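>>> quick one: sequence plus predicted model below, questions after.
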Amino acid sequence: MHPPSRLLVLLHAGAVHPPSFRVLLKLHAHHLVSGLLSSHSTSPFIDRLVAAFAHSDPASPRPLLHALAILASLPSPPDSAFPYNAAFRALSLCPHQHLVDRHCLPLYRALLHSGSARPDHLTFPFLIKACARLQYRSYGAAVLGHVQKLGFSADVFVVNAAMHFWSVRGPMAFARRLFDESPVRDVVSWNTLIGGYVRSGLPREALELFWRLAEDGNAVRPDEVTVIGAVSGCAQMGDLELGKRLHEFVDNKGVRCTVRLMNAVMDMYVKCGSLELANSVFERISNRTAVSWTTMIVGHARLGMMEDARMLFDEMPERDVFPWNALMAGYVQNKQGKEAIALFHEMQKSKVDPNEITMVNLLSACSQLGALEMGMWVHHYIDRHKLHLSVALGTSLVDMYAKCGNIKKAICVFNEIPVQNALTWTSMICGLANHGHADEAIEYFQRMIDLGLQPDEITFIGVLSACCHAGLVEAGRQFFSLMHAKYHLERKMKHYSCMIDLLGRAGHLDEAEQLVNAMPMDPDAVVWGALFFACRMHGNITLGEKAAMKLVELDPSDSGIYVLLANMYAEANMRKKADKVRVMMRHLGVEKVPGCSCIELNGVVHEFIVKDKSHLDTNAIYDCLHEITLQMRHIANLIDISESGSHI
DNA sequence: GTAGGGTTAG
């Protein structure tokens, strides 16, 4: 007998134990499916086979596809909901969105039209959960309608699934109404609602429910899942004292102290700003998981302790994609783009596959470094590996092209990506503004508003800087007041400095000064710098001196401002004052701080500081620099001659 | 059978 056929017989007889059954399925899936379809298997056997496929590795799409294939090609439809339920369960866990989208509803229709099988109380929890992940929300709502019609509205599992559906898809109020009106509530009902509030960014509502449940005398007791929800909500609020109280609750109220709960507590301490407390929890976990380690990496990265983050990363026994992404994100957040890219190259040598989040981090690193070639390579990589183009990834691409100097490509990508949100539009507006396309930036802003998207603080930095670059004083004034009056956005330092720069350049020095005085925060060096620049440009020595003094106050070691002040005096023919500043500078011993610049060549980023001789090709570089300097002098002379010629 | 912890954009 052919081995797979023998296997079928064995399986028919129920002679294979479940673990071996699973292995055999993996090895002989194709033969089994074809063998089964050509034989006359009994219904219970088909049920078992479908269920076994559906229950195996949820991360892999293959077993699920086998299960669906069997269901679709049976000579006569199954007479119970059991195999369908198993398939719905697999769909509800399936990480591949397109499979859920393609198969969920056809499968439900097949069940409804099968003749003998009817959806039962096990069907809906899985089906509804799968529906929560569908692109089209109306399907889920229709299924919930069936639930009512078929009389499952009082089944607590079904109600909980429905609450989960609304808490994922919104509005949260629908989940709440089900909770309030449901005749039956168990701990999962509470946990679902609490989790839903946390997911929707409503931690206060979550905590309110938690304390209500935690009151003594309740029939339902909070369990560790409840506390995970409460602790996550607390993490969102950043309330350390509340966090400590919740941590104590675990010890006092006999909640099971699982690794998952301790991980949530660690995460809460990190987000509430106490790395020490997070670390003390971490030290006490005996069976740490990858999540525990990743949380600590994130905790150190948030405080800029990237060397410690790296040590934790190296110490981890096993690394999935999360710690790689967390460390890379840490480098990006701490403006260490080079290290982020180096880590990616390390990652490629390891066995871990990058995902779209890796790409988002990588693109941010490219934007920071202006590394266009690397950025384009990432774009290509995303296409080649068919990574999901999420809004975040699309936005990162747009931003990378804009920041790396290719605004045309940024616009192109912006038009091609499937979904744009307020952040994507903002990125485009800022990119256009930085490239000097003020009119387009403002046009994009208008289109964004017409689409009903909410601009935020950064969107307004984009339009204001567009106005600034183009000298659009009136438009700038309007945006500046609009952001406060209409959009109720807080005007930050950056908005004020932009506005003061705009007013100052246009010669509205009084208005600029008034704005500086009216600012709700202490003006920073950028604000005074903009005012100083405007004063120098328009010859307002008195106000210029005031601005310069403020700049010296803010950073006495910054030599630049002394030079600029001396220059301003010199330009105004105030020789004595100019000399005085130069003497003062020598007395104070201020020196110029070396600046750093970098350049990307063939995908490698090279860094340079002033008078840097450390590069391998230093001689060639300085020869080239010398040559360029000579050429520039030559051109400058030519321009000088032609300009003085035109004046004669 | 339902709920739950770690990585992401401007």
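Alright, I've got the coordinates.
>>> contacts and neighbour counts: CA atoms only from here.
OK.
>>> residues in the stretch 51-200 of chain A within reach of DNA strand B, list them.
A:121-122, A:125-126, A:129, A:155-158, A:160-161, A:164, A:187-189, A:191-192, A:195-196 (CA under 7 Å from any atom of the strand).
>>> wait, I meant the stretch 251-400 of chain A
Within the stretch 251-400 of chain A, the positions near DNA strand B by CA under 7 Å from any atom of the strand are A:258-261, A:263-264, A:267, A:289-292, A:294-295, A:298, A:319-323, A:325-326, A:329-330, A:356-358, A:360-361, A:364, A:390-396, A:399.
>>> what about those residues, which are in helices?
By the criterion of DSSP state H, membership of those in helices covers A:259-261, A:263-264, A:267, A:290-292, A:294-295, A:298, A:321-323, A:325-326, A:329-330, A:356-358, A:360-361, A:364, A:391-396, A:399.
>>> identify the spatial nearest neighbour of residue A:388, chain neighbours not counted.
Leaving out its chain neighbours, the residue that sits closest to residue A:388 by CA to CA, 6 or more residues apart in numbering is residue A:356, at 6.6 Å.
>>> please parse chain A into its domains.
A:1-184, A:508-595 (automatic domain parsing).
>>> what mean pLDDT does the first one get?
Over the span of domain A:1-184, the pLDDT mean works out to 80.
>>> which ones are touching the residue of the stretch 351-500 of chain A found nearest DNA strand B?
Of all residues in the stretch 351-500 of chain A, residue A:392 sits closest to DNA strand B, at 3.0 Å by CA to the nearest atom of the strand. Neighbour list for residue A:392: A:360, A:424 [criterion: CA atoms under 8 Å, 6 or more residues apart in numbering].
>>> how much space separates it from residue A:171?
23 Å (CA to CA, to the nearest Å).
>>> closest one to residue A:469 among the domains of chain A?
Among the domains of chain A, domain A:508-595 comes nearest to residue A:469, with 13.1 Å by CA to CA.
>>> now render the domains of chain A as TSV, adding mean neighbour count.
Below are these laid out as TSV (neighbours: other CA atoms under 10 Å):
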stretch	mean neighbour count
domain A:1-184	18
domain A:508-595	16
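>>> let's have those in a markdown table, adding distance to residue A:501.
Below are the domains of chain A laid out as a markdown table (distance: least, CA to CA, whole Å):
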| stretch | distance to residue A:501 |
| --- | --- |
| domain A:1-184 | 43 |
| domain A:508-595 | 5 |
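>>> spatially central residue for chain A, please.
With distances taken as CA atoms, centre = their mean, the residue of chain A nearest its centroid is residue A:392 (6.1 Å).
>>> verify the stated contact: residue A:339 with residue A:331.
Yes - at 6.3 Å, residue A:339 counts as touching residue A:331 under the criterion of CA atoms under 8 Å.
>>> neighbour count: the two, which is higher?
residue A:331 (26 against 16; other CA atoms under 10 Å).
>>> how much space separates that one from residue A:427?
Residue A:331 is 21 Å from residue A:427, by CA to CA.
>>> next one: residue A:157
44 Å.
>>> repeat that for residue A:420.
Separation of residue A:420 from residue A:427 (CA to CA) stands at 10 Å.
>>> of the two, which one has the most company?
Remark: of residue A:420 and residue A:427, residue A:427 carries more neighbours, 25 against 18, as counted by other CA under 10 Å.
>>> identify the residue spatially nearest to the more buried one, adjacent ones excluded.
residue A:399 (5.7 Å).
>>> what's the burial count for the one you found?
Using other CA under 10 Å, residue A:399 is surrounded by 28 other residues.
>>> which residues touch it?
The contact partners of residue A:399, by CA under 8 Å, 6+ apart, come to A:367, A:410, A:427-428, A:431.
>>> in helices, which of these appear?
A:367, A:410, A:427-428, A:431.
>>> of those, which pair is most distant in space?
A:367 and A:428 (13.6 Å).
>>> contacting residues for the closest residue to residue A:256 other than its chain neighbours?
Nearest non-adjacent residue to residue A:256, counting by CA to CA, 6+ apart: residue A:224, 5.7 Å away. Residue A:224 makes contact with A:250, A:255-258, A:261 under the criterion CA under 8 Å, 6+ apart.
>>> residue A:91 too?
Listed by CA under 8 Å, 6+ apart, the contact set of residue A:91 reads A:64, A:99-100, A:104, A:130.
>>> now with 10 Å, please.
A:54, A:58, A:61, A:64-65, A:85, A:97, A:99-101, A:103-104, A:126-127, A:129-131, A:133 (CA atoms under 10 Å, 6 or more residues apart in numbering).
>>> equivalent analysis for residue A:284, please.
Counting by CA under 10 Å, 6+ apart, the residues that residue A:284 touches are residue A:262.
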